[in-house]
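>>> this one's sequence-less:
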């Protein structure tokens, strides 16, 4: 059962002095919409969407939520910034999820944190590189650990669509 999906935001504008205010590009919005549709078709709706406070991740989360059930709740989390601590976040996640162990959660964040989160929730020593809007679908149980079930990027999805 996939109950945790880790996602990198869609393609954003070039680097600027205000990194936290970079917006999604038209391509980034398209990537995210593709992934949102795929998730809607393959997995049950999320109970919670946890997102970095950066503009591009909030825009990504809003597009993802548009394809989710109306009960999906959005929560902005300062811990999900690019230089966030994956081990510390995992401890926080475990404490929060213990209250509702069957909750389905989507995390929307940045490189390099998304790679370190996959490693923290699955197998140490395996931190995959994420392209923009890429997903990692994980079956996770706080006491038993997690298992990476699949990873999918917009580019791979386009190949599957042929």
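Thanks, I have the structure now. Everything quoted here is computed from the prediction, not taken from an experiment.
>>> how far off centre is the helix of greatest length in the chain?
Scanning the chain for the longest helix, with DSSP state H as the assignment, gives helix 26-42. From the chain centre to the centre of helix 26-42 is a distance of 12 Å (Cα atoms, centre = their mean, to the nearest Å).
>>> same question for stretch 126-137.
For stretch 126-137, the distance to the chain centre is 9 Å (Cα atoms, centre = their mean).
>>> average model confidence for it?
For stretch 126-137, mean pLDDT rounds to 94.
>>> need the distance between the two termini of it.
Start and end residues of stretch 126-137 are separated by 15 Å (Cα to Cα, to the nearest Å).
>>> name the residues that touch it?
The contact list for stretch 126-137 (Cβ atoms under 8 Å, 6 or more residues apart in numbering) reads 2, 4-12, 28, 31-32, 34-35, 39, 43, 60, 111-112, 114-116, 118-119, 148-155. C-beta coordinates here come from the backbone N, C-alpha and C atoms, glycine included.
>>> one step back: tell me what the longest helix of the chain is packed against?
Here helix 26-42 touches helix 55-65, helix 154-160, going by 3 or more Cβ pairs under 8 Å, 6 or more residues apart in numbering; DSSP states H and E.
>>> which helices and strands sit right next to the shortest one?
When contacts are defined as 3+ Cβ pairs under 8 Å, 6+ apart, helix 154-160 sits against helix 26-42.
>>> next, residue 96: secondary structure please.
What DSSP: H, G, I helix; E, B strand; the rest coil gives for residue 96 is helix.
>>> that one and residue 87, how far apart?
Counting by Cβ to Cβ, to the nearest Å, the gap from residue 96 to residue 87 is 15 Å.
>>> which one's more surrounded, these two?
Ranked by neighbour count (other Cβ atoms under 10 Å), residue 96 and residue 87 place residue 96 first, with 15 against 11.
>>> residues touching the more buried one, list them.
Here residue 96 is in contact with no residue (Cβ under 8 Å, 6+ apart).
>>> this completes my enquiry, with thanks.
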